[in-house]
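Asks: any chance you can model this:
(2 chains)
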Amino acid sequence: MAQAMTAARVTKKIIGRESLFILDVRNEDAFQDWKIEGENFKYLNIPYFELLDGVEEILDQLPTDQDVLVVCAKEGSSIFVADMLEEAGRDVSYLSGGMKAWSEHLEPISLGTLNETGTDQGEVVQFVRIGKGCLSYMVISEGEAVLIDATRMTDVYLDYAASRNVTIKHVFDTHLHADHISGGRDIAEKTGATYWLPPKDATDVTFDYAPLEDGSTVQVGDTAIEVRALYSPGHTIGSTSFIVDQRYLLTGDILFIDSIGRPDLAGLAEDWVGDLRDSLYNTYRDLSPELIVLPAHFMIIEELNTDGSVAEKLSILLANNHGLNIDDEATFRKMVTENLPLQPNAYQDIRETNMGKQTPDLETQREMEVGPNRCAVR
Amino acid sequence: MTMIKSDIVLDAKGLACPMPIVRTKKTIKTLEPGQVIEVQATDKGSTADLRAWANSTGNHYLGTIEEGEVLRHYVRKSTGDVTEPAAFAQTVNNATVEAARQDDSITVLDVREQAEYAFAHVPGAINIPLGELETRHAELDSNQTIYVICWTGSRSDMACRQLSDKGYTVHNVVSGMQEWASETTTLVSAK
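Replies: As a prediction, this is how the structure comes out:
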């Protein structure tokens, strides 16, 4: 019997830049659209239904000197193929839970302690949703925690908070997300925390929330770990950034490491492109270049630092990020409104779910979130 | 809701991938070429997989109807690579059929299986499957010019020969629905 490999183990291989050979047995379309990315990963895509009569024909395409992982959508077909490969004398694993589990895996990575004078050092933890490229954050200090851009895998945050013995007091969404379903409201309900949303993104929501305005601040713990909101529209009209402890700049979907946010997912690219430019070229440039940028997404695996985190100094992005270095406004406008990449899967349904207008069951939520985030334009 | 006719129904409800395809592959072996299988499944991934599997095996994926949790997929078994040379001399192309849609003297007869017709057909076309033509041809108006259409022009070629022998004025449509790019009518709310 073939062995299962967990999404957590595959994540370790990605972060460690290890090699892995992936036999992806999903449809060619699904593979082209979205796959497990690793710097030293190699791939073979043969749909499982081509292998129902046996695997002999592909044996010579599979290496014997490195780990082989069979991947499918939900695990069933990968076990089917992996078992046939085992019978043929090959030592292979299959991805436990398939791409569904891959999409849901969150890897918590500590970004280090905060500049705090109290006995209990504060900390920012980045939750890397490695399969989909979504990043969420927990700011911890003195037994309290604040969550930003939490995904629907709410147990991960709740369990993590419990393991760190902290109480979640505030939950923020930087904007109304279009690529993934927010877990913010759910976590706030379960913990009694306050759920904050930018009111300009929340005009159609069906629930109560605390309005997140420019300059809103919350304290985490008794000492002064401050989380301050900074209005930075452009990806959406309400998009808001956060400055944490004068040290970190959480940019949401406005600024990424190697790309910038796209302004079109709520259908108003032409209207919002000016806001996007203003946020990137004025608002952020007025901040300390020493701030460390923590975005809400990564797009390519090369954006991961050696510890798996996604973070870079603002000064470096101001120098190197192409989207921050287009002097001509017309050129900028053209770049972010034309030749945009595909939109995220089911993004309209996802937006409506985040507004509370749709309440899909878990299986439907998973289907809606299939694929990469696609929130950037490069 | 129109009932879709099939020659066999496979119950793959509750089965996870890869079993719906494994069962379909096994079951379709029992069918004659050109017959239609209905595969009932609850695995949402089965739609894309069945379509891709059919394409890679030469079978023809017709479509899927979603009824609550159940997906009803329809696939017509491959008729093999045997493409008989078209024997019937009178042919028209798809553009002629499209142009003649408003012409009252012309009937478009679709001789594909009912399941194929149900998912997409030329607006206004009537359906008598090739296998039923012998017993049902009297439903046709012998005063009309009849354009006979199928998927590739092969079944309609045979139908033309049958109908011509009985005195109907017929033309074979080449190359048929496979190449039909204009508007179609559907009898199902397919997803």
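
Asks: for B:Thr30, give me its contacts.
Replies: B:Ile8 (CB atoms under 8 Å, 6 or more residues apart in numbering or on different chains). Using the backbone N, CA and C atoms, a C-beta is placed for each residue, glycine as well.

Asks: at the contact with chain B, which residues of chain A appear?
Replies: Within reach of chain B by CB under 8 Å from any CB of the partner chain, chain A has these residues: A:27-30, A:47-50, A:52, A:72-74, A:76-77, A:80, A:363, A:367.

Asks: mark which of those residues are buried, thanks.
Replies: A:27, A:30, A:47-50, A:52, A:72-74, A:76-77, A:80, A:367 (16 or more other CB atoms under 10 Å in any protein chain shown).

Asks: ok, and the closest non-adjacent residue to B:Ala159?
Replies: Computed as CB to CB, 6 or more residues apart in numbering or on different chains, the closest residue to B:Ala159 that is not its neighbour in sequence is B:Val111, at 4.4 Å.

Asks: my read is that that neighbour contacts B:Ile146, right?
Replies: No. Using CB atoms under 8 Å, B:Val111 makes no contact with B:Ile146, being 10.4 Å away.

Asks: which SS class is the residue nearest to the spatial centre of chain B?
Replies: Nearest to the mean C-alpha position of chain B, by CA atoms, centre = their mean, lies B:Glu116 at 2.9 Å. Classification of B:Glu116 using DSSP: H, G, I helix; E, B strand; the rest coil returns helix.

Asks: spatially, what comes nearest to it if we skip its sequence neighbours?
Replies: The shortest distance from B:Glu116 to any residue other than its chain neighbours is 5.5 Å, reached at B:Leu62 (CB to CB, 6+ apart).

Asks: tell me the domain boundaries of the chain?
Replies: This is for chain A. Following automatic domain parsing, one finds the domains of chain A at A:3-101, A:105-368.

Asks: looking at chain B here, not the other one
Replies: According to automatic domain parsing, the domains of chain B span B:8-76, B:91-179.

Asks: now the last one: mean pLDDT?
Replies: Same thing as domain B:91-179. Average pLDDT, domain B:91-179: 93.

Asks: residue of the stretch 151-300 of chain A closest to chain B, please.
Replies: A:Ile181 (16.9 Å; CB to the nearest CB).

Asks: will you turn the domains of chain B into CSV that also has distance to A:Gly356?
Replies: As requested, the domains of chain B are arranged in CSV below (distance: least, CB to CB, whole Å):
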stretch, distance to A:Gly356
domain B:8-76, 24
domain B:91-179, 36
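
Asks: are we agreed that A:Leu147 is in a strand?
Replies: Yes. The assignment for A:Leu147 is a strand, going by three-state DSSP.

Asks: so how many other residues sit close to A:Val171?
Replies: Close neighbours of A:Val171, defined as other CB atoms under 10 Å in any protein chain shown, add up to 29.

Asks: need phi/psi at it.
Replies: Main-chain dihedrals, A:Val171, degrees, to the nearest 10: phi -130, psi 130.

Asks: contacting residues for it?
Replies: A:146-148, A:150, A:184-185, A:187-188, A:191, A:193-196.
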